[in-house]
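>>> Return atomic coordinates for the entry below.
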Amino acid sequence: MTLPRILTALPLVMVVVVACDDARREPGGIIPLGNASSVATGGSTSGGVGGGGGAGGAAGHDAVEQCFDGVDGDGDGLVDCADADPDCATACEAPCAHPVALTEGEVQQLDLGGFEGIGASCGVAGGIHSHVLEVTPSVTGALDVFVESEADVTLHINETCEVPSGESLCVNRTSPEGAAAMEHLTTDATAGVPVHVLVTSADGGASLPYQVVASSRERRCGDGFLDALEQCDDGNSEDDDGCESCQVVPTETEPNDAVAEADVISSPTYGLMGASEDVDVFSFFLDGPDQSALLTISDFGGGSCGLGILDTQVMVLSSQQSVVASDDDGSEGTCSRVGIAGHSAGTYYARITSMGTTSFPAGYVLTLELGRCGNGLLEAAEQCDDGNLIDHDGCSSGCTPD
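The predicted structure is shown next:
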């Protein structure tokens with residue numbers, strides 16, 4: 001797991017860093033997200049059950065077992081629910097009555113391994129592991145919850161603890177292969193009113209570590225978070241950047257679902273996927289095999305690509321409408337990047353479609369980079385450029401290895 005990724009998921013919030021000293025947790029101050037150097041492990045449970053949740057000191061074990069962190073804190077060879085510590089036993093036997101208390105803005109590292117599930121949802125089969133967490137928002141507006149794990153985890157926000165009857169939101173997105181999944185949910189928040197958060201997993205194994213952070217904020221356009229009714233949020237109030245008053249100002253012209261209706265790409269091009277069946281087609285021209293093209297889809301901000309809120313696929317079609325190249329998740333997160341090089345002169349088409357996790361309407365930014373093979377610069381979709389257009393010298397006249 002990569003701590004900086006989950007930290008930068010909340011760009012406008014402050015993180016409380018916790019320093020650990022034997023069995024105590026002492027506030028280490030408040031620092032901007034992205035600069036944090038520590039996380040809290042374990043967690044306290046509400047109602048006075050459970051330990052403070054710090055990791056053990058360098059010289060030995062904690063005086064008591066810290067529940068939910070997958071660590072043998074008291075050195076008795078038993079971990080979390082398997083431990084005879086009465087606090088852990090109480091929390092494990094009645095998780096809804098004794099949820100793990102989350103502190104706003106504090107990244108906590110927990111472990112689902114060994115915990116039995118209390119239900120199933122989001123299409124996850126039964127017999128899952130689960131943690132019941134609780135956070136009390138300090139601000140009325142929105143509550144953002146982020147979970148990151150290399151395990152396959154599902155994030156739930158519940159009105160009551162029960163799953164699925166008490167569930168209001170849940171998410172389980174597919175991450176790019178080899179990457180830790182980042183799950184994210186936003187819900188309405190009322191200052192002082194606790195919110196139930198559940199993290200579940202159907203994965204096996206004795207250790208299923210994950211990191212979680214939650215924070216409340218006032219809702220406003222320009223805060224860099226994509227909220228309900230917003231098509232984009234680029235974190236500013238400037239015009240002429242494709243996102244005005246958190247609505248996309250598209251440079252595409254609908255309908256453009258087919259090659260015959262294609263818009264010519266201007267870089268950047270601002271587009272809007274209005275529904276799951278929406279298709280956007282754009283055209284561009286290559287003047288010969290020594291010219292390459294790289295097409296990239298990104299979001300306006302707010303982490304839409306990285307969180308799977310914007311999920312795209314791009315196909316490059318020839319003038320005969322045959323597929324030249326395609327890509328699903330080659331750009332950031334679930335957004336796309338595709339390049340072509342060494343192809344004959346002519347008009348080509350970029351066909352953009354949405355994939356399964358897109359939340360509509362979804363704004364996107366399409367950029368086109370053109371490169372010239374033979375100038376000695378590695379540009380656009382070139383895989384090599386040796387400064388000439390000679391074939392059979394290791395780098396072809398189309399700037400692909402030969």
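>>> give me the low-pLDDT residue ranges for the stretch 301-402 of the chain?
357 (pLDDT under 70).
>>> Apologies, that question was intended for the chain.
Applying pLDDT under 70 to the chain flags residues 1-66, 83-87, 89, 114, 117-128, 162-165, 174-180, 205, 357.
>>> okay, which residue is most central for it?
In the chain, the residue lying closest to the centroid (C-alpha atoms, centre = their mean) is L307, at 2.8 Å.
>>> Who are the contact partners of that residue?
By C-beta atoms under 8 Å, 6 or more residues apart in numbering, the contact set of L307 is 9, 173, 182, 184, 333. Bear in mind the C-beta positions are built from the backbone N, C-alpha and C, glycine included.
>>> Please save the CA atoms from the top strand by length along the chain in CSV.
Ranked by residue count under DSSP state E, the longest strand found in the chain is strand 362-372. This file holds the C-alpha atoms of strand 362-372, laid out as CSV (Å, rounded to 0.1, in the frame of the first residue of the first chain):
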residue,chain,number,x,y,z
ALA,A,362,-19.0,12.5,-16.6
GLY,A,363,-16.8,15.3,-17.9
TYR,A,364,-13.4,14.5,-19.4
VAL,A,365,-10.4,16.2,-21.1
LEU,A,366,-9.0,14.7,-24.3
THR,A,367,-5.6,15.8,-25.5
LEU,A,368,-3.7,14.9,-28.7
GLU,A,369,0.1,15.0,-28.9
LEU,A,370,1.7,14.7,-32.3
GLY,A,371,5.3,13.7,-32.8
ARG,A,372,7.7,13.7,-35.7
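>>> And it, what's buried?
Buried residues in strand 362-372, counted by 16 or more other C-beta atoms under 10 Å: 362-368, 370-372.
>>> a markdown table for the residues you listed, including distance to D111?
Converted to a markdown table, the buried residues of strand 362-372 look like this (distance: C-beta to C-beta, whole Å):
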| residue | distance to D111 |
| --- | --- |
| A362 | 34 |
| G363 | 37 |
| Y364 | 37 |
| V365 | 38 |
| L366 | 41 |
| T367 | 41 |
| L368 | 45 |
| L370 | 49 |
| G371 | 47 |
| R372 | 53 |
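>>> mind checking how far stretch 96-107 is from the chain centre?
Centroid displacement of stretch 96-107 relative to its chain, using C-alpha atoms, centre = their mean, to the nearest Å, is 21 Å.
>>> Any idea how far apart the tips of that stretch sit?
Using C-alpha to C-alpha, to the nearest Å, the end-to-end distance of stretch 96-107 comes to 22 Å.
>>> surely F300 meets D234?
Yes - F300 lies in contact with D234 (C-beta atoms under 8 Å); the separation is 4.4 Å.
>>> what is in contact with these two at once?
With C-beta under 8 Å, 6+ apart as the test, F300 and D234 both reach 242-243.
>>> tell me the domain ranges of the chain?
Domains of the chain are assigned by automatic domain parsing as 3-217, 247-372.
>>> For E379, find the nearest of these.
Among the domains of the chain, domain 247-372 comes nearest to E379, with 2.9 Å by C-beta to C-beta.
>>> on that earlier part again, would you mind measuring from the residue nearest to the centre of the chain to H184?
As for L307, its distance to H184 is 5 Å (criterion: C-beta to C-beta, to the nearest Å).
>>> ditto for D290
From D290 to H184 the distance is 43 Å (C-beta to C-beta).
>>> A325 too?
Distance from A325 to H184, by C-beta to C-beta: 30 Å.
>>> which residues in this protein form helices?
In the chain, the segments counted as helices under DSSP state H are 3-7, 86-93.
>>> Return the member of the buried residues of strand 362-372 nearest to V195.
Out of the buried residues of strand 362-372, the member with the shortest distance to V195 (by C-beta to C-beta) is A362, at 26.1 Å.
>>> For the closest one, give me its contacts.
For A362, counting by C-beta under 8 Å, 6+ apart, the contacting residues are 231, 272-273, 304, 309-310, 354.
>>> Mind doing that once more with 10 Å?
Contact analysis of A362 by C-beta atoms under 10 Å, 6 or more residues apart in numbering lists 226, 231-232, 248, 271-275, 278, 299, 304, 309-312, 354.
>>> Just the residues you listed: which are in strands?
Using DSSP E, the contacts of A362 in strands are 248, 271-273, 312, 354.
>>> Which of those has the largest number of neighbours?
T312 (27 neighbours; other C-beta atoms under 10 Å).
>>> That residue and G387, how far apart?
From T312 across to G387, the span is 35 Å (C-beta to C-beta).
>>> of all the contacts of L307, which comes closest to E159?
Nearest to E159 out of those is H184 (C-beta to C-beta; 19.1 Å).
>>> Now for that closest one, how many residues are close by?
20.
>>> Report the beta-bridge partner residues of it.
F146 (DSSP bridges).
>>> Isn't it up against E148?
Yes - here H184 reaches E148: they are 9.5 Å apart, a contact under C-beta atoms under 10 Å.
>>> could you measure the closest residue to S396 other than its chain neighbours against N388, distance?
Nearest residue to S396, sequence neighbours excluded (C-beta to C-beta, 6 or more residues apart in numbering): D402, at 4.1 Å. Shown here: D402 relative to N388, a distance of 12 Å by C-beta to C-beta.
>>> repeat for L295
26 Å.
>>> Looking at these two, which is more packed in?
Neighbour tally, L295 and N388, criterion other C-beta under 10 Å: the higher count belongs to L295, 29 against 13.
>>> what sits against that one?
Listed by C-beta under 10 Å, 6+ apart, the contact set of L295 reads 265, 267, 269, 282, 284, 314, 316, 325, 327, 330-331, 336-340, 348, 350, 352, 366-369, 380-381.
>>> change it to 8 Å
L295 neighbours (C-beta under 8 Å, 6+ apart): 265, 314, 316, 336-339, 350, 366-369.
>>> which strand residues sit across from it in the sheet?
V338, L368.
>>> okay, now H392: neighbour count?
Neighbours around H392, by other C-beta under 10 Å: 8.
>>> Correct me if wrong: it contacts D386.
No - in this structure H392 lies outside contact range of D386 using C-beta under 8 Å: 11.6 Å.
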